[in-house]
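*Asks:* Fold the following.
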Amino acid sequence: MNVDETILTLLEKNPNGLSISDISDMLGNTRATLSKYLEMMKLENKVTLREVGRAKLWFLASKKKTILIVEDEPHIRRLIRVVLGEARYNFFEASDGLMGLEMVSQFMPDMIILDLMMPTLDGIKVCSEIKKNALTKKIPIIMLTAKKEMDDKVVGISVGADDYLVKPFEPQELRTRVRTFLDELNAERNPITNLPTLKNLKKDIENKENETKVYHLCFKNLDDYRSEYGLTKTNELIRLTSQMISHILEKTPEKRFFGHDAGNNFILGLKGKQIKDVLKSIYDEFNLTKPFFYEKDFKNYDDRLNIITKKIEEGEVKGIQVVELIAKEIKELEDIPD
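*Replies:* Got it, this is the predicted structure:
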């Protein structure tokens, strides 16, 4: 396998992108050499370079959309793949509702085709769980119903299904519905957390009720973490933090919105008397999770200085500033960095 093919394989396995340093570490080539390869591949439209926060990351130029099929009948799953074109999309499959929920969390698909009647957990319950989670609620769902289940389509739409099709469906109709939804996605979600981007939260922020307060939840010392532990673990930290916040918000009855800006910080809208309690829960949970981010290094944590002392050579140590999460109330939309 030549260098071009190896780079493409690495980027395919890392859909959240890789920096040139990450690729250099994985392949053993110098950054200067890889830079020449990547620039040539960019001209050939094989790869693309994007800024995610402060990092410059390389991606596959033509990333295929991912579709999760949750359907208990194997022949229908196969039919959907054939109709939509197995070369056009990446497909994942689940044979029951519970497995489907697990795969949504694991793969964060661009679209879900969901059968109504399934063992273990039916489509109504699966759809409801997906749509009440801030991380997954923006994923479009097409629900499949049999003719005798047509009355249930109203229930499906009421819990958030974006559309429905009656089985047996017309192949062209399925293709049209899927393309319509996927074309509308247009980078509405952050590739790391699947949360709405700032661009897609602006309406929520501009039209917020008077009692709603907007907070910017910012990571401090994230660059230090990235330098020490690499991009992959940094993305894991960001993703886990977003899931932790999402779980806390699910228990909060007040209206809110939750998103992810270009600087890898979070935008949070809250109203009601519980705002301080919600923010405290987020801080407490984040601090409890810190040892997971640093693993064995955390045993050398000095909470007074907020640093981890790490040996780099015999007799030499260095201090690593530990990541913090800080909330700042935002009065004007312009105060949030794009």
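*Asks:* Can you verify residue 79 is assigned to a helix?
*Replies:* Yes: assessed by DSSP: H, G, I helix; E, B strand; the rest coil, residue 79 belongs to a helix.
*Asks:* what number of residues lie near it?
*Replies:* 18 (other C-beta atoms under 10 Å). To be clear about C-beta, it is placed using only N, CA and C from the backbone, and glycine gets the same treatment.
*Asks:* per-residue pLDDT, it?
*Replies:* pLDDT, residue 79: 95.
*Asks:* can you list the domains in this structure?
*Replies:* Split into domains by automatic domain parsing, the chain comes to 3-60, 66-185, 198-335.
*Asks:* can you give me the offset of the shortest one from its chain's centre?
*Replies:* Averaging C-alpha coordinates over domain 3-60 and over its chain gives two centres that are 21 Å apart (C-alpha atoms, centre = their mean, to the nearest Å).
*Asks:* Can you check the distance spanned by it, start to finish?
*Replies:* 15 Å (C-alpha to C-alpha, to the nearest Å).
*Asks:* residue ranges for the helices of this protein, please.
*Replies:* Remark: helices assigned in the chain by DSSP state H are 3-13, 20-27, 31-43, 74-84, 97-107, 123-131, 153-158, 171-185, 198-206, 222-229, 231-250, 275-294.
*Asks:* out of those helices, nearest to residue 262?
*Replies:* Set against residue 262 and scored by C-beta to C-beta, these come closest in helix 198-206, at 6.8 Å.
*Asks:* any idea of the mean pLDDT in that closest one?
*Replies:* Helix 198-206 comes out at a mean pLDDT of 76.
*Asks:* Deepest in the core, which of the helices of the chain is it.
*Replies:* Mean neighbour count (mean count of other C-beta atoms under 10 Å) peaks for helix 123-131 among the helices of the chain, with a mean of 21.
*Asks:* Check which helices and strands that helix sits against.
*Replies:* In terms of contacts (3 or more C-beta pairs under 8 Å, 6 or more residues apart in numbering; DSSP states H and E), helix 123-131 is packed against helix 97-107, strand 111-115, strand 141-146, helix 153-158.
*Asks:* Strand 141-146 and that helix, what's the angle between them?
*Replies:* 180 degrees (axes from the mean of the first three to the mean of the last three C-alpha atoms, to 10 degrees).
*Asks:* Pull the residues that contact helix 123-131.
*Replies:* 70, 97, 100-101, 104, 112, 114-118, 136-137, 139, 141, 143-144, 152, 155-156, 159-161 (C-beta atoms under 8 Å, 6 or more residues apart in numbering).
*Asks:* before we move on, back to that, between the helices and strands packed on helix 123-131, which gets nearest to residue 166?
*Replies:* Across these, the minimum distance to residue 166, taken as C-beta to C-beta, is reached by strand 141-146, at 5.7 Å.
*Asks:* In CSV, list the domains of the chain along with distance to residue 192.
*Replies:* Output for the domains of the chain, formatted as CSV (distance: least, C-beta to C-beta, whole Å):
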stretch, distance to residue 192
domain 3-60, 6
domain 66-185, 10
domain 198-335, 5
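*Asks:* Quick check, residue 84 in contact with residue 173.
*Replies:* No: taking C-beta atoms under 8 Å as the definition, residue 84 is not a contact partner of residue 173, at 11.8 Å.
*Asks:* Select, out of the helices of the chain, the one closest to residue 54.
*Replies:* helix 222-229 (6.8 Å).
*Asks:* packing partners for the closest one?
*Replies:* By 3+ C-beta pairs under 8 Å, 6+ apart, helix 222-229 packs against helix 231-250, strand 316-321.
*Asks:* packing partners for the longest one?
*Replies:* Spelled out, that is helix 231-250. helix 20-27, strand 213-220, helix 222-229, strand 257-260, strand 266-270, helix 275-294.
*Asks:* tell me the average confidence for the third one?
*Replies:* Confidence for helix 222-229, expressed as mean pLDDT, is 85.
*Asks:* Excluding its own residues, what touches it? List them.
*Replies:* Identification of contacts with helix 222-229 by C-beta under 8 Å, 6+ apart yields 54-55, 233-234, 237, 264, 293, 320-321, 323.
*Asks:* Does residue 308 touch residue 296 like I think?
*Replies:* No: using C-beta under 8 Å, residue 308 makes no contact with residue 296, being 10.2 Å away.
*Asks:* what about those two, which has more around it?
*Replies:* A count of neighbours by other C-beta under 10 Å puts residue 308 above the other of residue 308 and residue 296, at 20 against 7.
*Asks:* which residues does the more buried one bridge with?
*Replies:* Per DSSP bridges, the residues bridged to residue 308 are residue 301, residue 320.
*Asks:* Figure out which of the helices and strands packed on helix 231-250 is closest to residue 76.
*Replies:* Taking these one by one with C-beta to C-beta, strand 257-260 is closest: 34.5 Å.
*Asks:* could I get the closest one in CSV with only the CA atoms?
*Replies:* This file holds the C-alpha atoms of strand 257-260, laid out as CSV (Å, rounded to 0.1, in the frame of the first residue of the first chain):
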residue,chain,number,x,y,z
PHE,A,257,-31.2,24.5,24.0
PHE,A,258,-27.8,23.0,23.8
GLY,A,259,-25.2,23.3,21.0
HIS,A,260,-21.5,23.3,20.1
